[in-house]
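Asker: I would like the atomic coordinates for the input below:
(chains A and B, ligands or ions: 2)
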Amino acid sequence: MLLEIKNLHANVEGTEILKGINLKVNAGEVHAIMGPNGSGKSTLASVLAGKEEYEVTAGEVLYNGKNLLELSTEDRAREGVFLAFQYPVEIPGVSNTNLLKTAVNEIRKYRGEEELDSMDFLSLLKEKSKLVELDQKFLSRAVNEGFSGGEKKRNEIFQMAVLNPTFAILDETDSGLDIDALRIVANGVNKLKTKENATIVVTHYQRLLDYIIPDFVHVLYKGKIVKSGGKELALELEEKGYDWVKSDKAEAVV
Amino acid sequence: MENKIDIKNYYLNQFDEFEKSLNGEKSSDFHKVRKDAISKFAELTFPTQKDEEWKYTNISSLQKHNFSPAAVKANVSSETINKFLFDKMEHSLLVFVNGNFSPELSKLIDIPKGVVIGSLAEALKNNNPVVKKHLGKYAENENYFFTTLSSAFTKDGAFIYVPDGKVVEDPIHIIFITKSGSEKILTQPRNLFVAGKNSQVTIIEHYVSDEDSVYFTNSITEIVADENAIVDHIKLQEESNKAFHIARMEVDQERSSNFSSHLISHGAEISRNDFNARFNDEGSECMLNGLFMIGDEQLFDAHTMIDHAKPHCNSHEHYKGILQDKSKGVFNGKVMVRQDAQKTNAFQQNNTILLSNDAVMNTKPQLEIFADDVKCSHGATIGKLNDEAKFYLKSRGIGEDAATAILIHAFASDVITSIKIPALRDYLEEIITKRFNQ
Ligand SMILES: Nc1ncnc2c1ncn2[C@@H]1O[C@H](COP(=O)(O)OP(=O)(O)OP(=O)(O)O)[C@@H](O)[C@H]1O
Ligand SMILES: [Mg+2]
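Answerer: Ligands and ions are numbered 1, 2, ... in the order given. The predicted structure follows:
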């Protein structure tokens, strides 16, 4: 198993947001997490990536058999975890190329590999930017600065392509994309898919799942996964809305 | 404080010694200037925090040391100097060791006819008319304790004169190296740079030391940019952390002149920089940029003043500080827009990053506007490195130190990139990398 989340509880500023998440992800799988605003999807993503403001109060996460929560954010990334941010951060003064070059080499160093020379690195960037049809001019621009919403999302997937993670969480990477951009991004994600890696896509829209076909769909509600199913669950949600799972849940509690 | 010396009496006594060492030069015209200065020095008092201009800058520790103004000879190898050269840059180099010009370590390359690049002592000896006309005219002794000290003991410094219409293509690099060993010495470089009409020159003042010793640099630089002249000035401070550095730069700008200054500093135990620029006529531009990076218990102070005395001039000032440990920064930037100075554009900004909770920054941007048709803005920010940005970098596999270094490079980047010399930019990037990414 690639990732196993067991009874994960997490607080933000003293409020419990994740209230006992259980999830298993095998290599080669795509999982979709859906759920209403504020249900904790991004919180889960941030906890997995190691954001410090989020305090894990119970539970554990095993990644490749290792205790993920014990690793620093950077070590998680070096072990192959990648988070595509819902709101990618603008970093004026740091070029995309510089970020990726430092990242690639720090990851290689961690894995005991030699640093890439400039030539090899540039050809890697070129190849991967084609994958998401990202214009070369974005490489020298400051990270996300002045990018449109869609460009930011595309840039996230571009970074994912360069870093080639084993486990990726895409947090609403489809939000704000027009249909062409959505197709490009989804295409990129599909091309990166192998038998060895796995992806969790967080989304509000069934539309994305027409392009990235999930093996499992989960509904996160008030910090818990209240329903899981196959890809048809997404269609059902689209049709009936979340009230249905909410009441379903309520019934289950009764 | 124990062992506090009476700095005034001390230097008044030292002046007698100094006079004796001058021998025949005592009877020169210039010596009268020194004597006027020492009597002015006797009237002024050592600055304390009661003085408005020194409110946040406590320099009382300077009085713990009896720095000797007497010339101290030292051997500096060209290998040592090489450490401070910008890679692959072929340029004219003036080296001053403990305040005295070293012809052996200096070299001049491709100097247009009529241009003078050399030592002030030499120019004084030759009664150079340019020196006579300008020296001490801009950095007046009035109210400046340390200027009177410099004027009284003036001996050497860099002198550059670019006559009308001459262009010096390559930057002129001036290294002031202090090698004091266990002797506490005072060096007082006195620099004069005069750029004639339609001339162009780039000058780098570089204060260095490769030892961890206690000494005192008290430097004065006067710069004249005549009509339509372009003068780029860069000051780098890579001194001992135990040094004291007090400096004053005065810039006099004539019509349509263009002056830029960059101050890049690692500080010293205490550094104080006074930069004053004056627009004497219309159509000029002045840029004052700065980047200081200090740590431990260092104190760094930049006091700047841009005097818009005439209309249609632009000034742009941007100072950035990066403070670690228990260091303390002071920025006091005044922009004066006088009644006559219509159509002035003045921009001033001070941004500080505090990398520790114990670091302190005092910032005071000041705009004084007496004209009505002007565009002026100023502002200041003090903050930490952006946590969101850091998390983003780390989530890509970049470690704490590298992420910090990247964000610091980014913070400093607009000051660095506005320097026009690529080799110097690389040198500075390297300095930042060494400081923050280990
Ligand atoms: N840093 C924070 N400080 C305070 N509250 C937070 C913080 N981050 C998240 N929260 C709260 O935690 C809850 C879950 O937020 P989260 O962003 O995980 O939801 P989400 O499911 O991703 O929602 P959306 O669909 O809107 O992206 C919300 O109530 C939110 O206000
Ligand atoms: Mg979210």
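
Asker: State the mean pLDDT of stretch B:411-426.
Answerer: The predicted model gives stretch B:411-426 an average pLDDT of 93.

Asker: Restricting to C-alpha, output it in PDB.
Answerer: The C-alpha trace of stretch B:411-426 is given here as PDB (Å, rounded to 0.1, in the frame of the first residue of the first chain):
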ATOM      1  CA  PHE B 411      13.700  40.300  -1.300                       C
ATOM      2  CA  ALA B 412      17.100  41.800  -2.200                       C
ATOM      3  CA  SER B 413      16.700  41.300  -5.900                       C
ATOM      4  CA  ASP B 414      15.400  44.700  -6.900                       C
ATOM      5  CA  VAL B 415      18.300  46.500  -5.300                       C
ATOM      6  CA  ILE B 416      20.800  44.100  -6.700                       C
ATOM      7  CA  THR B 417      19.300  44.200 -10.200                       C
ATOM      8  CA  SER B 418      19.400  47.900 -10.400                       C
ATOM      9  CA  ILE B 419      23.200  47.800 -10.300                       C
ATOM     10  CA  LYS B 420      24.400  48.000 -13.900                       C
ATOM     11  CA  ILE B 421      27.600  45.900 -13.700                       C
ATOM     12  CA  PRO B 422      26.900  42.200 -14.200                       C
ATOM     13  CA  ALA B 423      30.100  41.000 -12.500                       C
ATOM     14  CA  LEU B 424      29.300  43.100  -9.500                       C
ATOM     15  CA  ARG B 425      25.800  41.700  -9.300                       C
ATOM     16  CA  ASP B 426      27.200  38.200  -9.300                       C
END
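
Asker: close to chain A, is it?
Answerer: Yes. Applying C-beta under 8 Å from any C-beta of the partner chain, one finds stretch B:411-426 touching chain A at B:Phe411, B:Ser413, B:Asp414. The C-beta positions use only the backbone N, C-alpha and C, and glycine is treated the same way.

Asker: ok, and the most crowded of those?
Answerer: When neighbours are counted by other C-beta atoms under 10 Å in any protein chain shown, B:Phe411 leads these with 23 neighbours.

Asker: related to what we said a few turns ago, wait, which of the residues of stretch B:411-426 next to chain A is closest to ligand 2?
Answerer: Nearest to ligand 2 among these is B:Phe411, at 29.0 Å by C-beta to the ion.

Asker: The closest one touches B:Lys320, doesn't it?
Answerer: Yes. Taking contacts as C-beta atoms under 8 Å, B:Phe411 lies within contact range of B:Lys320: 6.6 Å.

Asker: what do those two both touch?
Answerer: Here B:Phe411 and B:Lys320 share the contacting residues B:Asn351, B:Ile353, scored by C-beta atoms under 8 Å, 6 or more residues apart in numbering or on different chains.

Asker: how much space between the residue most central in space within chain A and ligand 1?
Answerer: Geometric centre of chain A, nearest residue: A:Ile169, 1.6 Å, by C-alpha atoms, centre = their mean. Applying C-beta to the nearest ligand atom, to the nearest Å, the value for A:Ile169 to ligand 1 is 11 Å.

Asker: B:Ser60 now?
Answerer: Per C-beta to the nearest ligand atom, B:Ser60 is found 46 Å from ligand 1.

Asker: Could you count how many residues lie near that residue?
Answerer: Count around B:Ser60 with other C-beta under 10 Å applied: 14.

Asker: check contacts around the residue sitting furthest away from the middle of chain B.
Answerer: Within chain B, B:Ser395 marks the point farthest from the mean C-alpha position, 40.6 Å out by C-alpha atoms, centre = their mean. Counting by C-beta under 8 Å, 6+ apart, B:Ser395 touches A:Ala49, A:Gly50, A:Thr73, A:Glu74, A:Arg76, A:Ala77, A:Phe82, A:Leu83, A:Phe85.

Asker: what subset of those residues is also close to chain B?
Answerer: Near chain B, by the rule C-beta under 8 Å from any C-beta, you find A:Ala49, A:Gly50, A:Thr73, A:Glu74, A:Arg76, A:Ala77, A:Phe82, A:Leu83, A:Phe85 out of the contacts of B:Ser395.

Asker: Next secondary structure element downstream of the helix or strand hosting the fourth one?
Answerer: In this structure, A:Glu74 sits in helix A:73-78 according to DSSP states H and E. Moving toward the C-terminus from helix A:73-78, the next helix or strand (DSSP H and E) is strand A:81-84.

Asker: That following strand: which residues count as buried?
Answerer: Neighbour counts over strand A:81-84 (16 or more other C-beta atoms under 10 Å in any protein chain shown) mark A:Val81, A:Phe82, A:Leu83, A:Ala84 as buried.

Asker: So what touches that strand?
Answerer: Contacts of strand A:81-84 with the rest of the structure, by C-beta under 8 Å, 6+ apart, involve A:45-46, A:48-49, A:63, A:68, A:153, A:156-157, A:159-160, A:163, A:165-171, A:173, B:395.

Asker: sorry, back to before: from the contact counts, what lies against the helix holding A:Glu74?
Answerer: In terms of contacts (3 or more C-beta pairs under 8 Å, 6 or more residues apart in numbering or on different chains; DSSP states H and E), helix A:73-78 is packed against helix A:41-49, helix A:96-110, helix B:387-394.

Asker: For those helices, state which one has the densest average packing.
Answerer: Scoring the helices and strands packed on helix A:73-78 by mean neighbour count under mean count of other C-beta atoms under 10 Å in any protein chain shown gives helix A:41-49 as the most buried, with a mean of 23.

Asker: okay, the angle between it and helix B:387-394?
Answerer: 50 degrees (axes from the mean of the first three to the mean of the last three C-alpha atoms, to 10 degrees).

Asker: Check what pLDDT B:Ser28 gets.
Answerer: 85.

Asker: got the contact list for it?
Answerer: B:Leu124 are the contacts of B:Ser28 under C-beta under 8 Å, 6+ apart.

Asker: elements contacting the host helix or strand of B:Asn218?
Answerer: Here B:Asn218, judged by DSSP H and E, is contained in strand B:216-225. In terms of contacts (3+ C-beta pairs under 8 Å, 6+ apart), strand B:216-225 is packed against helix B:145-152, strand B:186-187, strand B:190-195, strand B:200-208, strand B:230-238, strand B:244-253, strand B:258-265.
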